[in-house]
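In: show me the folded form of this:
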Amino acid sequence: QVQLVESGGGLVQTGGSLRLSCAASGRSFSSYTMGWFRQAPGKEREFVAAINWSGSSTYYADSVKGRFTISRDNVKNTLYLQMNSLKPEDTAVYYCAPRTRVSGSVYSVMDYDYWGQGTQVTVSS
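Out: Below you'll find the predicted structure:
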(Lines give C-alpha, C1' and ligand atoms only; values in the text may rest on other atoms or scores of the structure.)
Protein backbone atom coordinates (compact mmCIF):
# COMPACT_ATOMS: atom_id res chain seq x y z
CA GLN A 1 0.00 0.00 0.00
CA VAL A 2 1.17 3.53 -0.79
CA GLN A 3 0.24 6.73 1.04
CA LEU A 4 0.52 9.99 -0.85
CA VAL A 5 0.76 13.68 0.03
CA GLU A 6 0.50 16.27 -2.73
CA SER A 7 1.90 19.79 -2.39
CA GLY A 8 2.97 22.78 -4.44
CA GLY A 9 -0.37 24.13 -5.55
CA GLY A 10 -1.34 27.76 -5.32
CA LEU A 11 -2.64 30.83 -7.11
CA VAL A 12 -0.82 31.87 -10.28
CA GLN A 13 -1.53 34.19 -13.19
CA THR A 14 -2.11 33.00 -16.73
CA GLY A 15 1.20 32.05 -18.29
CA GLY A 16 2.80 31.30 -14.96
CA SER A 17 4.36 28.10 -13.65
CA LEU A 18 3.99 25.77 -10.71
CA ARG A 19 5.73 22.56 -9.66
CA LEU A 20 3.63 19.98 -7.88
CA SER A 21 5.14 17.28 -5.70
CA CYS A 22 3.69 14.00 -4.50
CA ALA A 23 5.53 12.42 -1.59
CA ALA A 24 4.93 8.70 -1.21
CA SER A 25 5.40 6.46 1.78
CA GLY A 26 5.76 2.73 1.47
CA ARG A 27 8.37 0.52 -0.06
CA SER A 28 6.59 -0.16 -3.33
CA PHE A 29 6.55 3.36 -4.84
CA SER A 30 9.27 2.56 -7.35
CA SER A 31 7.36 -0.43 -8.71
CA TYR A 32 4.27 1.55 -9.75
CA THR A 33 3.36 3.54 -12.79
CA MET A 34 2.28 6.86 -11.24
CA GLY A 35 -0.29 9.31 -12.51
CA TRP A 36 -1.47 12.88 -12.03
CA PHE A 37 -5.16 13.63 -12.34
CA ARG A 38 -7.23 16.76 -11.79
CA GLN A 39 -10.79 17.57 -10.90
CA ALA A 40 -12.48 20.91 -11.45
CA PRO A 41 -15.71 21.86 -9.65
CA GLY A 42 -18.67 20.05 -11.14
CA LYS A 43 -16.51 17.93 -13.41
CA GLU A 44 -15.22 14.39 -13.33
CA ARG A 45 -11.66 13.57 -12.39
CA GLU A 46 -9.54 13.55 -15.53
CA PHE A 47 -6.16 12.19 -16.55
CA VAL A 48 -3.28 14.67 -16.79
CA ALA A 49 -0.06 12.67 -17.04
CA ALA A 50 1.55 9.37 -16.10
CA ILE A 51 5.03 7.92 -15.86
CA ASN A 52 6.17 4.31 -15.73
CA TRP A 53 8.22 2.88 -12.87
CA SER A 54 11.60 3.75 -14.34
CA GLY A 55 10.68 7.09 -15.85
CA SER A 56 11.45 5.88 -19.35
CA SER A 57 7.86 6.27 -20.58
CA THR A 58 5.56 9.24 -20.07
CA TYR A 59 1.99 9.90 -21.11
CA TYR A 60 0.09 13.19 -21.36
CA ALA A 61 -3.41 14.41 -21.97
CA ASP A 62 -3.62 16.40 -25.19
CA SER A 63 -4.68 19.47 -23.22
CA VAL A 64 -1.35 19.64 -21.34
CA LYS A 65 1.08 18.19 -23.86
CA GLY A 66 4.01 20.53 -24.41
CA ARG A 67 3.24 22.54 -21.25
CA PHE A 68 3.44 19.99 -18.42
CA THR A 69 6.27 17.58 -17.60
CA ILE A 70 5.95 14.59 -15.29
CA SER A 71 9.00 13.13 -13.56
CA ARG A 72 9.88 10.98 -10.58
CA ASP A 73 12.69 10.37 -8.12
CA ASN A 74 12.54 6.79 -6.87
CA VAL A 75 15.25 7.44 -4.27
CA LYS A 76 13.21 10.24 -2.73
CA ASN A 77 9.90 8.42 -3.34
CA THR A 78 8.56 11.57 -4.97
CA LEU A 79 6.55 12.30 -8.10
CA TYR A 80 6.60 15.72 -9.75
CA LEU A 81 4.53 17.70 -12.21
CA GLN A 82 6.13 20.80 -13.72
CA MET A 83 3.38 23.00 -15.11
CA ASN A 84 4.29 25.86 -17.45
CA SER A 85 2.22 28.28 -19.53
CA LEU A 86 -0.72 27.76 -17.20
CA LYS A 87 -4.22 28.63 -18.38
CA PRO A 88 -7.42 29.34 -16.44
CA GLU A 89 -8.79 26.00 -17.62
CA ASP A 90 -6.00 24.27 -15.68
CA THR A 91 -7.69 25.36 -12.47
CA ALA A 92 -8.54 22.24 -10.45
CA VAL A 93 -7.55 20.09 -7.53
CA TYR A 94 -4.62 17.94 -8.61
CA TYR A 95 -4.17 14.39 -7.33
CA CYS A 96 -1.48 11.76 -7.67
CA ALA A 97 -2.05 8.03 -7.51
CA PRO A 98 -0.36 4.74 -8.33
CA ARG A 99 -1.70 2.57 -11.12
CA THR A 100 -2.81 -0.49 -9.16
CA ARG A 101 -4.85 -2.19 -11.91
CA VAL A 102 -4.21 -2.83 -15.58
CA SER A 103 -7.36 -2.47 -17.64
CA GLY A 104 -5.53 -1.71 -20.82
CA SER A 105 -5.34 2.07 -20.60
CA VAL A 106 -2.84 4.06 -18.58
CA TYR A 107 -5.19 7.03 -19.12
CA SER A 108 -8.13 5.48 -17.23
CA VAL A 109 -8.88 6.79 -13.74
CA MET A 110 -10.30 3.33 -12.94
CA ASP A 111 -6.77 1.88 -13.01
CA TYR A 112 -5.61 4.07 -10.11
CA ASP A 113 -6.13 3.90 -6.38
CA TYR A 114 -4.82 5.19 -3.02
CA TRP A 115 -5.52 8.82 -3.86
CA GLY A 116 -3.89 11.62 -1.89
CA GLN A 117 -5.80 14.61 -0.51
CA GLY A 118 -5.00 16.75 -3.53
CA THR A 119 -3.54 20.21 -3.96
CA GLN A 120 -5.47 23.19 -5.34
CA VAL A 121 -4.19 24.97 -8.44
CA THR A 122 -5.90 28.22 -9.38
CA VAL A 123 -4.95 30.13 -12.51
CA SER A 124 -6.27 33.66 -12.72
CA SER A 125 -6.98 35.35 -16.05
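In: now residue 69, nearest residue through space, not along the chain?
Out: Once its chain neighbours are removed from consideration, residue 69 has its nearest residue in residue 82; the separation is 4.4 Å (CB to CB, 6 or more residues apart in numbering). No exception for glycine: its C-beta is placed from N, CA and C like everyone else's.
In: contacts for stretch 100-117 next, please.
Out: By CB atoms under 8 Å, 6 or more residues apart in numbering, the residues outside stretch 100-117 that reach it are 1-6, 22, 32-33, 35, 37, 44-47, 50, 59, 61, 95-99.
In: what bits of the protein have low per-residue confidence?
Out: Residue ranges of the chain with pLDDT under 70: none are present.
In: pick out the residue nearest the middle of the protein.
Out: Taking CA atoms, centre = their mean as the criterion, residue 36 is the residue nearest the geometric centre of the chain, at 1.9 Å.
In: my guess is that residue contacts residue 94, does it?
Out: Yes. Under the criterion of CB atoms under 8 Å, residue 36 is in contact with residue 94, at a separation of 6.2 Å.
In: and for these two, which residues touch both?
Out: Shared contacts of residue 36 and residue 94, counting by CB under 8 Å, 6+ apart, come down to 20, 48, 81.
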